[in-house]
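J.: Pasting the sequence and the predicted model now:
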Amino acid sequence: MTVCAIPALMLLIGLGTWQMQRLEWKEGIIAERAVRQGAPPIRISSIPKNNWQEYEHRRVIFRGTFSHSREILVHNAVRHGQTGYRLIVPFETTDGRQILVDRGWVPKVWPNGQIKRRRPSDSLDLIGTVRRGGKGTPWIPDNDPATNQWFYIDVAQMAAHAGLKDSPPYILRVTPDRREPGYPKGPHASHKIRNKHLEYAITWYGLAATLVIVYVAYHFRRRRQGY
């Protein structure tokens with residue numbers, strides 16, 4: 001039994017320690033994101049083309065107009081249990097920048113106009129959050145620009161499809177006003193980072209402690225029985 005117990009114990013302790021290291025790493029990310037999100041909004045012109053990642057999750061002020069005729073719908077967005085789309089719309093700022101804006105969630109009937117669609121034509125002052133695109137998991141299907149089928153946000157691919165020139169490699173996510181009727185709506189799901197590493201660590205350490213107890217009890221019983 002000892003031959004099996006010692007490697008198993010080392011493995012369980014190692015997994016618990018690894019989760020504690022992951023916890024420290026995740027808490028650092030959460031803290032950094034909180035600092036960026038809590039900072040005052042900056043103008044979009046302040047974000048450099050290079051090293052823009054240092055500004056991810058920062059709030060940005062920008063002004064301009066939407067190009068609703070080139071909007072992009074991303075499949076499988078869920079809000080309150082209802083499947084719909086994420087609405088991505090090209091936006092041109094007053095200083096000539098062409099960017100992609102994530103306007104929020106819309107239901108499946110958005111394309112045929114059976115709901116109140118908010119498509120402002122006037123120049124707007126907006127505040128958005130700098131975000132990157134990319135697949136959430138490897139199980140998400142590939143996009144198919146030729147048929148206008150989108151399953152995740154690929155900023156470069158979407159910008160090319162929409163005919164944007166010199167578009168930045170990030171997207172700006174805005175939160176719709178809840179007081180306004182119609183769609184788009186803000187996301188129902190939380191965008192907070194999951195952080196359950198402490199729970200996982202406790203589980204692994206708990207299993208290690210259980211193994212030790214079982215091991216000691218087993219040998220104590222054998223000793224009492226004279227083995």
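T.: Structure's in. What do you need? Numbering: from 1, shown residues only.

J.: List the beta-bridge partners for residue 100.
T.: Beta-bridge pairing for residue 100 (DSSP bridges): residue 90, residue 171.

J.: number of nearby residues for it?
T.: Other residues near residue 100 number 24, with proximity taken as other Cβ atoms under 10 Å. For every residue, glycine as well, the C-beta is placed using N, CA and C.

J.: My guess is it contacts residue 160. True?
T.: No - using Cβ atoms under 8 Å, residue 100 is not in contact with residue 160, being 11.0 Å away.

J.: Low-confidence ranges, this protein, go.
T.: For the chain, applying pLDDT under 70 flags the ranges 1, 187-193, 226-227.

J.: Strands of that one, start to end?
T.: Here the chain has its strands, by DSSP state E, at 42-43, 59-66, 72-79, 82-93, 98-107, 124-131, 171-173.

J.: so what strands line up beside the shortest one?
T.: Applying DSSP bridges, strand 42-43 is found paired with strand 59-66 (parallel).

J.: quick one, the partner strand and strand 82-93 angle?
T.: 80 degrees (axes from the mean of the first three to the mean of the last three Cα atoms, to 10 degrees).

J.: Show me what counts as buried in strand 59-66.
T.: 59, 60, 62, 64, 66 (16 or more other Cβ atoms under 10 Å).

J.: what's the domain layout of the chain?
T.: Following automatic domain parsing, one finds the domains of the chain at 1-38+203-227, 41-173.

J.: Looking at these, spot the one closest to residue 182.
T.: domain 41-173 (3.2 Å; Cβ to Cβ).

J.: who touches stretch 101-120?
T.: Residues outside stretch 101-120 that contact it (Cβ atoms under 8 Å, 6 or more residues apart in numbering) are 66, 68, 73, 77, 79, 82-91, 126, 128, 131, 153, 171-176, 180-188.

J.: List the buried residues of that stretch.
T.: For stretch 101-120, by 16+ other Cβ under 10 Å, it's 101, 102, 103, 104, 105, 106, 107, 110, 118.

J.: Distance of the first one relative to residue 219?
T.: What that stands for is residue 101. Distance of residue 101 to residue 219, computed by Cβ to Cβ, to the nearest Å: 66 Å.

J.: How about residue 17?
T.: Taking Cβ to Cβ, one finds residue 17 at 26 Å from residue 219.

J.: Also residue 197?
T.: For residue 197, the distance to residue 219 - Cβ to Cβ - is 33 Å.

J.: okay, those two: which has more neighbours?
T.: More crowded of residue 197 and residue 219, by other Cβ under 10 Å: residue 197, with 18 against 14.
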